[in-house]
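Trainee: Turn this into a structure:
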Amino acid sequence: MYNFIKTVVFFFILFSLFLNLTSFTSKIKNNYTNNDSIKEWIDFSKKSDISILDRKRLLVKAYKNLSIKNKNYSKTLSVIAYEFYNLNDTTKFLKLNKKALEHALKTKDTFTIADTNWSYADYYNNEQVYEKSYTFYNKAFNNFKLLNKEYEMARMLYSMSFIKGRYRDYISSEVLIFKAIKIFKKNKNYKWLYYSYNHLAQLQRDIKEYDKALFYYDKSLEYFSKVSNKKDIYLITHNNIGNVYREKGNYKLAIESYNKDLNKKIKPIHFATIISNKAHTKLLLNDTLNVKKDLYKALTIRDSLGNKTAILASYIYISNYYKQIKDTLKALRYAKKANLLAHKLKNGRDYLASLKQLANLDKQNSKKYLDRYIVFNDSLISAERRIQNKFTRIEFETDEYIEETERLSQQRIWIIVTSFAGLLVLSLLYFLRVQKVRNEKLKLEAEQQKANEEVYVLTLQQQAKLEEERVNERNRISAELHDGVLGKLFGTRVNLGFLAMQMKPETQEKHQAFLDELQEIEKEIRDVSHRLSDNFDSANINFTTILTQLLKDRSTIGNFSYQFDFDKTIPWSEISEVTKANVYRIIQEALQNIIKHAKAKNVILDVSFNKKELIISLKDDGIGFNTEKKKKGIGIKNITARVKKLGGNLEFISKENQGTTLVIITPFNATNGKQKV
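Mentor: Residues are numbered from 1 along each chain as shown. Coordinates of the predicted model:
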């Protein structure tokens, strides 16, 4: 019975384990199938051959089946949100993108934080809310930078550059697009290099640097030719090149550029743009053939597509056409249409163009339109500046961007504040001021050098006097020892000698020992006296002592050993103090160069002379340098100037890693009258 119960329990446990394992496997399978289905639904929603309604239903289905426990929840939700944006369902996009961002912030999913900010940026850019768009692009950039996602970083830089270009912040826009180009080049992304150079060319066109614009358009075409899949890219470069030629006044080349695009299969919106631009250019050539037809054809296409910005451009061109053929009433009517639409669309550039057109056409109300033009233009400039400042504040959120922003801010200040004439005047004044300051500085340096040399001369003279006093004092002490102390000792010893006859024999023996010791002391004092009274040239010891002290001080600072060899027969007293001062400064400057550059361990200073010249050699075992390639530093220039002042010759002997030898040969008997302090 017991064995039976054991068997039943065993089979029960085994059956339970089987059921749990089956349940677990089923859950894994269901989870995999569910995740796989979500991906499929999202992929199907991207197919253009399915109706918009069915595509939205697939996205809703994917969202509803997406579990918050899914490890890719925020990332997948971000993708679903963006697909709703592509289908123009902004309500669902904003709702789901917000949810994805909140979850990504909670889970610290940096990539999704960046991706959702990118989606917000695209949305606000499409809505023409450029301040918000720029803020989100900047946030996305900073997060992609944390992950070192170079392609995504470059895309953000391109978009931020594009927005800055719209607000005529051309320098900042250029800086950003060049950074993007650098990354795209590194990754050989030809498609975005094409877009980037096209945008860079547009910036040059806006500031009327037409030759630069054409250069960058050519670069964009060069990269377009390298794009493998061209079908998804509309080649807008020929149209843009045509616009540049038109603004340069080369209308024939402009028409040739437009025709290059007209010969291709292009979308209706692009076709309307090109025929409109071509018609306007023909009008500038006073060629009205088919101009009216093409302008109205472009307007019809744009009207059917509901592209109001393009319709506005057509109104302005048509107004220009009627103005050209002297039909003022129709020209005025289309100018007013353009003015109203530009005001409605908040299109500042075309609003100003329409006001200018109205002022030219409506002579009776010309002043009113011109006044409105001036007021709006001023307000537009102020608004652009405010937005530019806001963009700058956004950039300051990252530490890495601070230095770049300051530099660009300085450039913007110069561009805004100065004009060509003002710059010319300021440059002239600046040049005169610099010359004056430079002359004053040279004069001050000359005076300072003169003062320094006078100080060194006085120092040498003072040390000579001190040395002379030391010699006199030694002679006095020598005489005192010889004539005074030694004489007294001798007298004392003689007197003690007479006392010896009155002493006992044993006492006489000790007495004699003391007398001998006194005689020895006399001898030692005499030797000291003779050494003290030995004569020597104080000037020689004086200057060589100064040089020895200089070597000692500099060797401590430069951590090198030194050796000083000099000819003891050099008559320093015959050499002027100015020469010695300059020699001292030359050696001082050369030692300073050794400390700063040579990395030497040993230095040898050798000073010798012949009947006509003083020869100084300073050698080190440092790293050396190529005397033909290395530029002269201020130290070498100072040494050269001093040697030239003394009327001497200077030579540097050096090779890389073989040390350096400085050889100076200067006139020995240069008189004080010929040397300028």
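Trainee: Check which helices and strands the host helix or strand of residue 585 sits against.
Mentor: Here residue 585, judged by DSSP states H and E, is contained in helix 577-593. In terms of contacts (3 or more C-beta pairs under 8 Å, 6 or more residues apart in numbering; DSSP states H and E), helix 577-593 is packed against helix 420-479, helix 538-558, strand 613-620, helix 634-645, strand 660-667. Quick note: C-beta positions are derived from backbone N, CA and C, even for glycine.
Trainee: Can you list the buried residues in the helix or strand just after that helix?
Mentor: Under the assignment DSSP H and E, the closest C-terminal helix or strand after helix 577-593 is strand 602-609. Going by neighbour count (16 or more other C-beta atoms under 10 Å), the buried part of strand 602-609 is 603-607, 609.
Trainee: do the same with stretch 633-650
Mentor: Residues of stretch 633-650 classed as buried under the neighbour-count rule (16+ other C-beta under 10 Å) are 635-636, 638-639, 642-643, 645-646, 648, 650.
Trainee: What is the nearest of these to residue 595?
Mentor: Taking C-beta to C-beta as the measure, residue 595 sits nearest to residue 635 out of those, at 10.4 Å.
Trainee: Thought residue 593 was touching the closest one, still the case?
Mentor: Yes: at 4.5 Å, residue 635 counts as touching residue 593 under the criterion of C-beta atoms under 8 Å.
Trainee: Grab the nearest non-local neighbour of residue 555.
Mentor: residue 562 (4.7 Å; C-beta to C-beta, 6 or more residues apart in numbering).
Trainee: The one you found belongs to a helix?
Mentor: No: secondary structure of residue 562 (DSSP: H, G, I helix; E, B strand; the rest coil): strand, not part of a helix.
Trainee: and it, bridged to which residues?
Mentor: When bridges are called by DSSP bridges, residue 562 pairs up with residue 603.
Trainee: List the contacts of it.
Mentor: Residue 562 makes contacts with 551-552, 554-555, 602-605, as judged by C-beta atoms under 8 Å, 6 or more residues apart in numbering.
Trainee: got a markdown table for the residues you listed, with pLDDT too?
Mentor: A markdown table is the format used below for the contacts of residue 562 (pLDDT from 0 to 100):
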| residue | pLDDT |
| --- | --- |
| 551 | 86 |
| 552 | 86 |
| 554 | 87 |
| 555 | 86 |
| 602 | 91 |
| 603 | 90 |
| 604 | 92 |
| 605 | 92 |
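Trainee: Just send those back as a markdown table, with distance to residue 267 too.
Mentor: Output for the contacts of residue 562, formatted as a markdown table (distance: C-beta to C-beta, whole Å):
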| residue | distance to residue 267 |
| --- | --- |
| 551 | 85 |
| 552 | 86 |
| 554 | 79 |
| 555 | 82 |
| 602 | 81 |
| 603 | 80 |
| 604 | 84 |
| 605 | 84 |
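Trainee: Closest one to residue 85 out of those, please.
Mentor: Using C-beta to C-beta, the contacts of residue 562 come closest to residue 85 at residue 554, 73.2 Å.
Trainee: ok, now which ones touch the nearest residue to the closest one once chain neighbours are set aside?
Mentor: Distance criterion C-beta to C-beta, 6+ apart; nearest residue to residue 554, sequence neighbours excluded, is residue 591 at 4.3 Å. Residue 591 is in contact with 550-551, 554, 558, 603, 618, counting by C-beta under 8 Å, 6+ apart.
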